[in-house]
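>>> Sequence plus predicted model, see below.
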Amino acid sequence: MTKPHPRMTLVLTENWTMTGGRCNTDALVRWAREAEDAGFDSVMLSEHIVLGPDAGANGPMPNPREYALPGNQTPDTPWPSSVVLLAAMAAVTERVRLAAAAV
C-alpha cells in the first residue's frame, strides 16, 4: 500500500506584506500558477470582508506582520474581491485547489 503524499498549501496572507505594494493582484495570480508548477496542492487567500470603524484604533504597526492584530487594520485598506481573485487564479491553473479564508 502506498502512502499518500503530504498536502501542501500556499497561504497568501495579507498580500501587501508579501508584495511591494498593497493589493498586487497580478502577483497573487502569478503566485497561484507558480504554486501549482511547484507541486502545491492548494492556494488559500486571506481576506477581509468587513473592517469596522474601530479596526484601525491602534494605527498601523511598524511591522506589517502584526497587521492582523485587533485595532491595527486600517478600514480603508484596499482588499480585492476574493471571488474575483479566485476566478482569475482558476483561469491560469488546472489542478491546484483554491480556497478562501472567510467566504
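Noted; the coordinates are in hand. Numbers count the residues shown, from 1 in each chain.
>>> ok, which stretches of the chain are helices?
Counting by DSSP state H, the chain has these helices, from start to end: 25-37, 82-92.
>>> could you dump those helices to a markdown table with distance to V43 and mean pLDDT?
Bear in mind the C-beta positions are built from the backbone N, C-alpha and C, glycine included. Conversion of the helices of the chain to a markdown table gives the following (distance: least, Cβ to Cβ, whole Å; pLDDT from 0 to 100):
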| stretch | distance to V43 | mean pLDDT |
| --- | --- | --- |
| helix 25-37 | 5 | 92 |
| helix 82-92 | 6 | 93 |
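>>> out of those helices, deepest packed?
helix 25-37 (a mean of 17; mean count of other Cβ atoms under 10 Å).
>>> I figured A100 was touching E47, is that so?
Yes. With contacts counted by Cβ atoms under 8 Å, A100 reaches E47, the gap being 5.9 Å.
>>> joint contacts of those two?
Overlap between the neighbourhoods of A100 and E47 consists of S82, taking contacts as Cβ atoms under 8 Å, 6 or more residues apart in numbering.
>>> So these two - more neighbours on which side?
More neighbours sit around E47 than around the other of A100 and E47, counting by other Cβ atoms under 10 Å; the figures are 19 against 14.
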